[in-house]
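Chemist: Predicted model and sequence below, questions to follow.
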Amino acid sequence: MASLAREGHRVLFIENTGVRPPRLRDLPRVTHRIRNWWRGVKGFRKERENLFVYSPIILPFPYSRVALRINRSLVLRALRRWMKATGFGRPLVWTFLPTPLARDVIRDLEPELIVYYCIDDLASSSPAARRVSRSEAQLFREADLVFVTSRRLRERARQFTDRVHLFPFGVDFEMFQGIRRASTETPPEMATLTRPVAGYVGGIHQWLDQPLLADVAGRLPDVSFVLVGPLQTDTSVLGRCPNIHLLGARSHGDVPRYIKGFDVGIIPYRLSDYTVNVYPTKLNEYLAMGLSVVATDLPEIRHFNAEHGEVVGIGATAQAFAEAIRQAIEKSAPADVERRIETARENAWSTRIARMSALIEERVRARRAAGDRWEDSLRRLYRAARRRITSATLAVLALYVLVFHTPAMWLAAEPLVIVDTPRPADAIVVFAGGVGESGKAGGGYQERVKQAVDLYQQGLAARVIFSSGYSFAFRETEVMRELAIAHGVPDSAILLEKEASSTYENVWFVNRLLAREGWRRILLVSSPYHMRRALLTWRKVAPDVEVISTPVPATQFYAQGTAPTLEQLGGLVHEYVGIVVYWWAGRV
């Protein structure tokens, strides 16, 4: 992708979204991804001219349908915003990843062309990754062009498509040659090592044949074995060898400096279902630096030698591998070095990309020459609309079940309820319902009057204040007073506030009445789910008044049966919206 960017193409590289769920050992990778996300703008950053990188943070479940829907939405929304911000039109998509998420994103982007660059047999990389086989088979069929890095991968791809082309990994030849010619100092940790040095760059992973390498190191005690790369598996076998040095991960830009300090490059992979498909990236990097190379008996190494001559030494056993290293160290004549460099030049990315680009351009021309493709576009539009409708329907259905067939609504409403232990106060203040949560005139006032009467009869306060400016057939406060008198509260103990038409006005007008009487502690009566907004308003308007929350203990409107009603949902939403509106208006 960097080579394409250098040639003037605008490239957005999306970091790997994974073929299996992460494990504990993947924590450094996860941390690195999060760090990369923060480095950019919503995950996007510009690495160099024409080359951008996106570090998506998604749910790490590559084969979960729920996670797929969420991740597809997250990634597509981010990509479309970036494309709009950068003026990116209909893209040409290269993918190295055949997961369901990659396929869905590619399809929805409606690219000019799809290239699948199959570089590994991902299904055999781990048991958890085997599930990728199905979506990869579909991607083989859907891609306009399939590039593969090995002959075994080409055989597999040809089961699904005839648009397959072999392109093994290349090398950034100019960069490696520039460092080879420069007077670059050897990295400090290598300067003190005993020479000769047999070196390896890349991940120290499960495919590295540690027993073989330890055996070889024992046979060559005068050779220093240096491994540069992240530790991705248990390396205790190597750690016991005094002439094996594990240097850990290094930045990609520093890799050529380490290779320059090698006397021979090694590729000690064990043979497996996975590695029989592997064309090692490091092979041409070693050759570009003029190094001799020794590898285990991998099929692609044998094909490489058949094509380029016996450039790479092969050792199938520890003894053969050690002997091949001895011979490779001796092959340092200028002619041998030049031959290796020329082999790397033939495999430079610039050469690979020129051939790839020719195939892509030919395919694009063929598609455009086919002319009328409106049927495909129309089908894509209908598919997209169908997906949107299905997603919306499922979301509505899930919301319906959550709200009306689980206790989720009542749990969400609990923060609205505040209940204090009743204690003596100057007055009992009752906020009448008006049309309140029920939306019906006078709804709920009887329950509030009963609660006020109970508090009065317990002797907790000598005065009762009813607050409401609503008038239906009669004034609401007057009806409440008559009801309280009928239940034993003397008329002389009742005060009416008749102007308020909202909670804010309830508090404002009642506080004015309290100040006139010199009362500073009240028992507040209202609906249970109204108490949070009422108390927030009191704290804003009259912070010096001590408010004891004593809501109606059981309300008919909010009776919690087997399923909440639409009216109850509306009442609870009304309270939350009311808090937000009051906050916006500076009333709480």
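Modeler: All right, it came through fine. Numbering: from 1, shown residues only.
Chemist: Show the pLDDT at Pro62.
Modeler: Looking at Pro62, its pLDDT reads 80.
Chemist: let me fix that: Leu378
Modeler: 68.
Chemist: Equivalent analysis for Pro28, please.
Modeler: In this model, Pro28 carries a pLDDT of 76.
Chemist: got it, and Glu15?
Modeler: Reported pLDDT for Glu15: 90.
Chemist: before we move on, what about the one 5 residues further on?
Modeler: At Arg20, the predicted lDDT confidence score is 76.
Chemist: from memory it sits against Arg130, does it?
Modeler: No. Taking contacts as C-beta atoms under 8 Å, Arg20 lies outside contact range of Arg130: 9.0 Å. Heads up, the C-betas are built off the backbone N, CA and C, glycines and all.
Chemist: Which of those two has more residues huddled nearby?
Modeler: Comparing Arg20 with Arg130 by other C-beta atoms under 10 Å, the one with more neighbours is Arg20, at 20 against 14.
Chemist: quick one: what helix or strand has the more buried one in it?
Modeler: Assigning secondary structure by DSSP states H and E places Arg20 outside every helix and strand.
Chemist: Tell me which residues of stretch 551-570 come out buried.
Modeler: Within stretch 551-570, the residues scored as buried using 16 or more other C-beta atoms under 10 Å are 551-552, 555, 557-558, 564, 568.
Chemist: let me redo that: stretch 229-245
Modeler: 229, 231-232, 237-238, 241, 243-245.
Chemist: Distance from the chain centre to the lengthiest helix in the chain, please.
Modeler: Using DSSP state H to define each element, the chain has its longest helix at helix 374-404. Centre-to-centre, helix 374-404 and its host chain are 22 Å apart (C-alpha atoms, centre = their mean, to the nearest Å).
Chemist: Kindly report the same for stretch 361-368.
Modeler: 35 Å.
Chemist: Over to stretch 72-85?
Modeler: Relative to its chain's centre, stretch 72-85 lies at 13 Å (C-alpha atoms, centre = their mean).
Chemist: For that stretch, buried residues please.
Modeler: 72, 74-75, 78-79, 82.
Chemist: Ala123: which of those residues is nearest?
Modeler: Ranked by distance to Ala123 (C-beta to C-beta), the buried residues of stretch 72-85 are led by Arg72 at 21.8 Å.
Chemist: Please give me every residue in contact with the closest one.
Modeler: Shown in contact with Arg72 (C-beta atoms under 8 Å, 6 or more residues apart in numbering): 101, 104-105, 108.
Chemist: That one in helix, strand or coil?
Modeler: Three-state assignment for Arg72 (DSSP: H, G, I helix; E, B strand; the rest coil): helix.
Chemist: State the pLDDT value of it.
Modeler: With respect to pLDDT, Arg72 has a value of 91.
Chemist: shaky segments in this protein?
Modeler: Residue ranges of the chain with pLDDT under 70: 128-129, 371-380, 434-443, 560-562.
Chemist: Residue ranges of each domain in it, please.
Modeler: Annotated domains of the chain cover 2-170+353-369, 173-347, 374-405, 412-584 [automatic domain parsing].
Chemist: Confirm Met531 sits in a strand?
Modeler: No. If the criterion is three-state DSSP, then Met531 is helix and not within a strand.
Chemist: quick one: it and Pro415 touch, right?
Modeler: No. If you go by C-beta under 8 Å, Met531 and Pro415 don't touch, sitting 10.5 Å apart.
Chemist: Out of these two, name the residue with the larger neighbour count.
Modeler: Met531 (24 against 11).
Chemist: who touches the closest residue to that one other than its chain neighbours in this structure?
Modeler: Nearest residue to Met531, sequence neighbours excluded (C-beta to C-beta, 6 or more residues apart in numbering): Ile418, at 4.5 Å. Neighbour list for Ile418: 531-532, 535, 549, 551 [criterion: C-beta under 8 Å, 6+ apart].
Chemist: what does Val545 give?
Modeler: 511, 514, 520-522, 538.
Chemist: For the longest helix of the chain, list every residue counted as buried.
Modeler: By neighbour count on 16+ other C-beta under 10 Å, the buried set for helix 374-404 is Phe404.
Chemist: Now the following helix or strand past that helix - C-alpha only, CSV.
Modeler: Past helix 374-404, further along toward the C-terminus, the next helix or strand under DSSP H and E is helix 408-413. The C-alpha coordinates for helix 408-413 follow below in CSV (Å, rounded to 0.1, in the frame of the first residue of the first chain):
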residue,chain,number,x,y,z
ALA,A,408,-36.3,-2.7,32.3
MET,A,409,-38.7,0.4,32.2
TRP,A,410,-39.2,0.3,36.0
LEU,A,411,-35.5,-0.1,36.7
ALA,A,412,-34.8,2.8,34.4
ALA,A,413,-37.4,4.9,36.3
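Chemist: Just list what helix 408-413 packs against, helices and strands only.
Modeler: For helix 408-413, the packing partners by 3 or more C-beta pairs under 8 Å, 6 or more residues apart in numbering; DSSP states H and E come out as helix 566-584.
Chemist: secondary structure element for the spatially closest residue to His165 that is not a sequence neighbour?
Modeler: If the residues on either side of it in the chain are set aside, His165 comes closest to Phe147, at 5.5 Å by C-beta to C-beta, 6+ apart. Using DSSP H and E, Phe147 maps to strand 145-148.
Chemist: Not counting that strand itself, show me its contacts.
Modeler: 113-119, 140, 154, 157, 161, 163-167, 356, 359-360, 363.
Chemist: if we go to 10 Å?
Modeler: Under the criterion C-beta atoms under 10 Å, 6 or more residues apart in numbering, residues 94, 96, 113-120, 139-140, 153-158, 160-168, 277, 279, 352, 355-356, 359-360, 362-363 lie in contact with strand 145-148.
Chemist: Run through the residues that contact Pro91.
Modeler: Residues in contact with Pro91 (C-beta under 10 Å, 6+ apart) are 10-12, 79, 83, 106, 109-114.
Chemist: Okay, and which of those map to helices?
Modeler: 79, 83, 106, 109.
Chemist: Of all pairs in those residues, which one is the farthest apart?
Modeler: Farthest apart among the ones in helices among the contacts of Pro91 - using C-beta to C-beta - are Met83 and Ile106, which lie 13.7 Å from each other.
Chemist: Quick one: distance of stretch 137-151 to the chain centre.
Modeler: The chain centre lies 27 Å from the centre of stretch 137-151; the measure is C-alpha atoms, centre = their mean.
Chemist: Would you mind measuring the gap between the ends of it?
Modeler: Terminal residues of stretch 137-151 are spaced 17 Å apart (C-alpha to C-alpha, to the nearest Å).
Chemist: what comes up buried for it?
Modeler: Neighbour-count burial for stretch 137-151 [16+ other C-beta under 10 Å]: 137, 139-140, 142-151.
Chemist: Look up how far Lys540 lies from Gly586.
Modeler: 8 Å (C-beta to C-beta, to the nearest Å).
Chemist: of these two, who's got more company?
Modeler: Lys540 (15 against 7).
Chemist: contacting residues for the more buried one?
Modeler: Lys540 neighbours (C-beta under 10 Å, 6+ apart): 504, 507, 582-583, 586-588.
Chemist: May I see these organised as TSV, with secondary structure added?
Modeler: Output for the contacts of Lys540, formatted as TSV (three-state DSSP):
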residue	secondary structure
Tyr504	helix
Val507	helix
Tyr582	helix
Trp583	helix
Gly586	coil
Arg587	coil
Val588	coil
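Chemist: Cheers, nothing more for now.
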